[in-house]
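Peer 1: predicted model and sequence follow; I will ask about them next.
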Amino acid sequence: MKITRSHVWATILVAVGVALTIYLGVLSGADQQPSRATSALLVVLAGVFQVAGASRFHAIGKADPGLARAAVRRLLKMVRRAQEAKLIAETAYESNANAGEMRKAMGRVSVELSWIEEGLVDSIDDWNEFHKDALRKLTEGGDNAK
């Protein structure tokens with residue numbers, strides 16, 4: 001697993017929370033114990049740091065909803081392009097078109113397929129934005145692309 005900046009910050013926040021808790025324990029055993037206000041402040045700060053660290057760990061690996069919507073929107077555009085290419089090919093096949101008309105239809109199919117190819121490449125880039133690990137595993141052959 002790759003260690004990211006989010007991992008580091010989450011670990012630091014949790015470590016500070018644990019350190020404050022340990023510090024409070026050490027202070028409680030000292031000859032001059034901390035006041036209730038100091039103890040309460042340290043407990044609250046330790047809790048805040050631990051909750052902040054836990055929330056940072058929780059956020060790791062989640063897809064940004066905006067990026068996910070953009071990726072799905074791109075996939076829907078490619079579906080429309082594929083439907084258009086299919087319709088052009090079916091119409092050309094079922095018609096009594098001459099060679100010129102057939103060539104024109106195949107040119108349109110080629111254009112639609114080019115758009116689909118470009119959309120697929122862009123879609124892979126979208127996924128690379130918010131789930132690099134999954135894409136890396138697939139491209140390295142670590143997971144079957146089914």
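Peer 2: Great, that's in hand. As the structure is a computational prediction, the values presented were derived from the model and not from experiment. Numbering: from 1, shown residues only.
Peer 1: give the next helix or strand downstream of the host helix or strand of Glu90.
Peer 2: Here Glu90, judged by DSSP states H and E, is contained in helix 65-94. Where DSSP H and E defines the elements, the next helix or strand beyond helix 65-94 is helix 99-130.
Peer 1: and the angle from the helix or strand following that next one to helix 99-130?
Peer 2: Next helix or strand after helix 99-130 toward the C-terminus (DSSP H and E): helix 132-139. Angle, helix 132-139 to helix 99-130, by axes from the mean of the first three to the mean of the last three CA atoms, to 10 degrees: 130 degrees.
Peer 1: what is helix 132-139 packed up against?
Peer 2: helix 99-130 (3 or more CB pairs under 8 Å, 6 or more residues apart in numbering; DSSP states H and E). Glycine gets a C-beta too; all of them are placed from N, C-alpha and C.
Peer 1: and the helix holding Glu90, what's buried?
Peer 2: When neighbours are counted by 16 or more other CB atoms under 10 Å, the buried residues of helix 65-94 are found to be Ala68, Ala70, Ala71, Arg74, Met78, Arg81, Glu84, Ala85, Ile88, Ala89, Ala92.
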